[in-house]
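Undergrad: sequence-free structure coming up:
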């Protein structure tokens with residue numbers, strides 16, 4: 001099952017302190033707006049989203065339709081098809097995308113340890 005680009009989205013207490021910490025590890029800001037309390041940091045193919053006051057829990061995020069550089073893929077499995085595969089596999093979804101829509105949408109579920117996983121399609 002190809003889930004697209006991957007990143008970790010972290011709920012942080014102090015966006016500036018977290019950004020400075022990850023910069024020490026070689027990450028640079030790739031996207032986002034520090035003044036709006038979110039940034040996407042990149043180190044090679046590794047992406048970390050830092051969110052202060054925006055998300056409640058850390059999230060493993062996959063982006064169907066994007067590669068690891070957030071570039072559009074020529075072909076990909078739509079999030080609605082992925083949703084059906086997950087449901088067929090017995091995975092309980094906390095948030096579903098309307099199967100009668102097209103384009104952007106997201107699905108949220110948890111792994112056996114309670115970690116949040118989001119399939120977040122932007123196109």
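TA: Yep, it's here. Nothing here was measured: the structure is a model prediction, and the numbers come from that model.
Undergrad: contacts, neighbours, all on C-alpha from now
TA: Noted.
Undergrad: SS state for residue 48?
TA: The local conformation at residue 48, judged by DSSP: H, G, I helix; E, B strand; the rest coil, is strand.
Undergrad: err, residue 84, not the other one
TA: Taking three-state DSSP, the label given to residue 84 is helix.
Undergrad: Kindly report the same for residue 39.
TA: Here residue 39 takes the strand state, with states given by three-state DSSP.
Undergrad: where's it relative to residue 114, distance?
TA: 25 Å (Cα to Cα, to the nearest Å).
Undergrad: okay, the two: which has more neighbours?
TA: Neighbours were counted for residue 39 and for residue 114 using other Cα atoms under 10 Å; residue 39 has more, 23 against 8.
Undergrad: Show me the strands in the protein, by range?
TA: Under the criterion DSSP state E, the chain contains strands at 5-11, 28-33, 38-43, 46-51, 59-63, 93-95, 105-110, 116-121.
Undergrad: Does residue 117 touch residue 109 like I think?
TA: Yes: with contact defined as Cα atoms under 8 Å, residue 117 counts as touching residue 109 (5.4 Å).
Undergrad: And stretch 23-40, end to end?
TA: Per Cα to Cα, the first residue of stretch 23-40 is 12 Å away from its last.
Undergrad: which residues touch it?
TA: 15-16, 19, 22, 41-43, 47-54 (Cα atoms under 8 Å, 6 or more residues apart in numbering).
Undergrad: Just the buried ones from these?
TA: Listed as buried from these are 15, 16, 19, 22, 41, 42, 47, 48, 49, 50, 51, 52; burial here means 16 or more other Cα atoms under 10 Å.
Undergrad: Residue 59 - how many residues pack around it?
TA: By other Cα under 10 Å, 19 other residues sit near residue 59.
Undergrad: what bridges to it?
TA: residue 9, residue 116 (DSSP bridges).
Undergrad: what's the pLDDT at it?
TA: Predicted confidence (pLDDT) at residue 59: the value is 98.
Undergrad: State the distance from it to residue 101.
TA: Distance from residue 59 to residue 101, by Cα to Cα: 24 Å.
Undergrad: Same question for residue 20.
TA: Distance, residue 20 to residue 101, using Cα to Cα: 40 Å.
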